[in-house]
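Enquirer: Just to be clear, the model below is a prediction. Sequence and coordinates:
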Amino acid sequence: MAAEPDGSPTASNGQQAAPDVVFQVAGSESHPHSFRANRRLLVGPWLNRPEEYEGFNGFVGWAGVTRLRSGRWLVTFTSGAWHGSPPWTDEIGKDPKSRAYFEKYLWMGAEGNKQKARPDIRSPRGGRAHIMESDDQGETWSAPRTLVDTEFDDRHPTILELDDGTLLCTFFVWGLPTVDHERNAEARYMRSGDGGKTWTEPAEPPGGGGGFGNGPAIQLADGTVIWVVDAGKLDPQLDHNVIGVYRSSDRAQTFELASVVSTDQKLHEPSVAELPGGRLVMVTRPRGEISWSEDQGSTWTPLVPTGAIIHDPHLLLMPNGVLACFGWMPRGGVRVILSPDQGRTWQGPGDGLGYAVDPSVYGYSHPILLPDGTIYIVFQHTGGHYAADARTCAIWAMRVRVYDGADGIEVLPAPGSPAAALSTSQFGLPEN
């Protein structure tokens, strides 16, 4: 690594190198059992169950949430047969590559016949994505309806409202590889100009990026759209996953590949946020690696671990200046680590651990900021790895307040939760 005249290191791309990232123990976990009364069931075996279709076995998960400027709230999620629900029929099972690939998932818990390497459920189009709406700040929700149903497993749908009212839905499709098709995960996006009544046909970003992960795109202060995806083939010199950074200057009508971020190990499930002054910060799985960009994603500082193991990280900049990163961490469940200085120092209640939002669940989550400065977060109950888990999957919601000192959180009642039902206030939430 080279050095500037003042002695500060620079990355090989010419940018100033990332500062050291430090994890500090701060605060403690309060009210460890309060999540049970404060969380709200949104989708489950007996509530808002998606419509029946061939291949649906009860799995629901990979949820996203959006608050539109109109005040309407949207929740999106995936349904299917299992933790992953690729298309499967007897005909697909005749392909030797598909059959060999699926054998690995059988041993992870997928319901099926291990001797014949086939699931017991026929699923000709795999899983599908759904959407539901609330017009009363999350108190009541519409029944879920199909958002997109391609010929593959449609996963991790999330929606971003752009400055002109256009809705951008990003997701990825997953199918077993075949002898004729090497990739098995591909990013997709579609747009709606009428509030989600109709959508464009799903399109793939340039470069053939993969898509594992459920981080939504973001729109910067100048209108530029940034979308980061987990991709497997964008760097031909590497045989493991990298991060593709896509950028759009025409409100997501088209995207360009702005950069590829890689390291000596696999990178998954990226999330990106805009900091004051236009600087971008990105985090990835598995080691909570952090990187910054000063040029809207064209170049990035070298990745630096936060000191916390994080799956499914999600960055959210709070009005008080605290940068929050939600995800699954070693003690399990939905957790969050906090940074008071835009990602250089991270804090949790123990070494490499996050403050617990709900430690009793599987953990994949998606947070949004509400007008009162609190966070509304959705997450799933199990991973659906086993048949019983898939049939009892559920999606929950919670509210969280982040302390100004970045030294803890307060778990709050979600609208419609048991704790909210016992309260006479509406927690100060505005009408819209």
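Expert: Okay, I see it. Numbers count the residues shown, from 1 in each chain.
Enquirer: only C-alpha atoms for contact and neighbour calcs from this point on.
Expert: Noted.
Enquirer: Which residue comes closest to residue 146 once chain neighbours are left out?
Expert: Nearest-residue entry for residue 146: residue 130, 4.4 Å, with adjacent residues in sequence omitted and distances by CA to CA, 6 or more residues apart in numbering.
Enquirer: and the helix of greatest length in the chain, how far out from the chain's middle?
Expert: Longest helix in the chain, counting residues (DSSP state H): helix 96-107. Offset of helix 96-107 from its chain centre (CA atoms, centre = their mean, to the nearest Å): 26 Å.
Enquirer: Just the CA atoms of that helix, as PDB, please.
Expert: What follows is helix 96-107 as a C-alpha-only set of coordinates in PDB (Å, rounded to 0.1, in the frame of the first residue of the first chain):
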ATOM      1  CA  PRO A  96     -27.500 -34.800 -13.600                       C
ATOM      2  CA  LYS A  97     -26.200 -31.400 -12.500                       C
ATOM      3  CA  SER A  98     -29.500 -30.400 -11.000                       C
ATOM      4  CA  ARG A  99     -29.800 -33.700  -9.200                       C
ATOM      5  CA  ALA A 100     -26.300 -33.600  -7.800                       C
ATOM      6  CA  TYR A 101     -26.800 -30.000  -6.700                       C
ATOM      7  CA  PHE A 102     -30.000 -30.700  -4.900                       C
ATOM      8  CA  GLU A 103     -28.500 -33.600  -3.000                       C
ATOM      9  CA  LYS A 104     -26.600 -31.000  -0.900                       C
ATOM     10  CA  TYR A 105     -29.900 -29.300   0.100                       C
ATOM     11  CA  LEU A 106     -31.500 -32.600   1.100                       C
ATOM     12  CA  TRP A 107     -28.800 -33.100   3.700                       C
END
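Enquirer: Tell me the first helix or strand C-terminal of the least confident helix or strand in the chain by mean pLDDT.
Expert: The weakest-scoring helix or strand in the chain, judged by mean pLDDT, DSSP states H and E, is strand 118-119 (a mean of 67). Per DSSP states H and E, strand 118-119 leads on to strand 128-134 as the next helix or strand towards the C-terminus.
Enquirer: ok now that next one, how far from the chain's centre?
Expert: Worked out by CA atoms, centre = their mean, strand 128-134 lies 16 Å from the chain centre.
Enquirer: contacts for it?
Expert: 50, 72-80, 140-150, 152-157 (CA atoms under 8 Å, 6 or more residues apart in numbering).
Enquirer: Buried only: go through those for me.
Expert: By neighbour count, with 16 or more other CA atoms under 10 Å, the contacts of strand 128-134 hold 50, 73-80, 141, 143-149, 152-157 as buried.
Enquirer: Sort out which of those are in strands and list them.
Expert: Counting by DSSP state E, the buried ones among the contacts of strand 128-134 place 73-80, 145-148, 153-157 in strands.
Enquirer: check contacts around residue 310.
Expert: Applying CA under 8 Å, 6+ apart, we find residue 310 in contact with 284, 285, 286, 287, 288, 327, 328, 329, 330.
Enquirer: Look at it and report its pLDDT.
Expert: Residue 310 is assigned 93 on the pLDDT scale.
Enquirer: Over to residue 75?
Expert: 98.
Enquirer: from what I can see it touches residue 66, true?
Expert: Yes - counting by CA atoms under 8 Å, residue 66 is a contact partner of residue 75 at 6.5 Å.
Enquirer: Not counting its neighbours along the chain, what's nearest residue 294?
Expert: residue 279 (5.0 Å).
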